[in-house]
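Trainee: I'd like to go over a predicted model; first the sequence, then the structure.
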Amino acid sequence: MSDLYFGNDLFSEFDRLQRQIDELFGDFPSSIRSVRRGAFPQVNIGATDDTIEIVAFAPGMTAADLEVSIDKGLLTISGERKPPVSDDIDRKIYAQERFAGAFRRVIELPQNVNPDKVQARYVDGCLCVTVGKRESSTPRSITVQ
């Protein structure tokens with residue numbers, strides 16, 4: 001007979017196991033580029049020949065709620081997401097997966113970025129940050145003589 005006991009809800013058991021693993025390893029990421037589980041806002045990072053592009057997913061916010069700064073090769077996205085306002089005071093919350101509160105994400109940028117060429121815009125719940133690269137870092141063809 002096995003010493004393991006699984007309750008009626010296998011998904012809750014997986015969730016419990018994940019919490020135990022998180023407690024065991026603390027806040028150490030599994031790789032240099034990974035972040036802790038549930039980090040807000042989630043980001044996608046990509047590059048073109050001329051720019052580095054960061055898209056941070058922050059639905060339910062406004063441009064005024066977000067702050068973007070760049071210093072010493074680090075792009076910082078910070079702000080505060082307000083909890084949803086509820087008119088029903090008697091409501092009991094059983095599960096709440098939507099993040100609310102202050103947040104701060106720091107993204108290390110490559111050395112070839114130009115901090116003077118940064119644009120940020122907030123469209124449809126996405127913060128789109130474009131950071132230009134230095135001209136010397138753009139690829140170019142060299143004629144061999």
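Mentor: Happy to help now that I have it. Note that this is a predicted model, so its numbers are computed, not measured.
Trainee: Which residue ranges of this protein form strands?
Mentor: 42-47, 51-57, 66-71, 74-81, 101-108, 113-123, 126-133 (DSSP state E).
Trainee: what about the last one, distance to the chain center?
Mentor: For strand 126-133, the separation from the chain centroid amounts to 14 Å (computed by Cα atoms, centre = their mean, to the nearest Å).
Trainee: likewise the first one?
Mentor: Relative to the chain's own centre, strand 42-47 is displaced by 9 Å; criterion: Cα atoms, centre = their mean.
Trainee: ditto for the fifth one
Mentor: Taking the mean of its C-alpha atoms, strand 101-108 sits 7 Å from the chain's own mean (Cα atoms, centre = their mean).
Trainee: Could you pull up the mean pLDDT of it?
Mentor: For strand 101-108, mean pLDDT rounds to 91.
Trainee: Who are the packing partners of it?
Mentor: Applying 3 or more Cβ pairs under 8 Å, 6 or more residues apart in numbering; DSSP states H and E, we find strand 101-108 packed against strand 42-47, strand 74-81. Every C-beta, even on glycine, is put in place using the N, C-alpha and C of the backbone.
Trainee: between the shortest one and strand 126-133, how many degrees?
Mentor: Angular relation of strand 42-47 and strand 126-133 on a 0 to 180 degree scale: 30 degrees, by axes from the mean of the first three to the mean of the last three Cα atoms, to 10 degrees.
Trainee: which other residues reach strand 42-47?
Mentor: If you take Cβ atoms under 8 Å, 6 or more residues apart in numbering as the criterion, strand 42-47 is touched by 52-57, 77, 105, 107.
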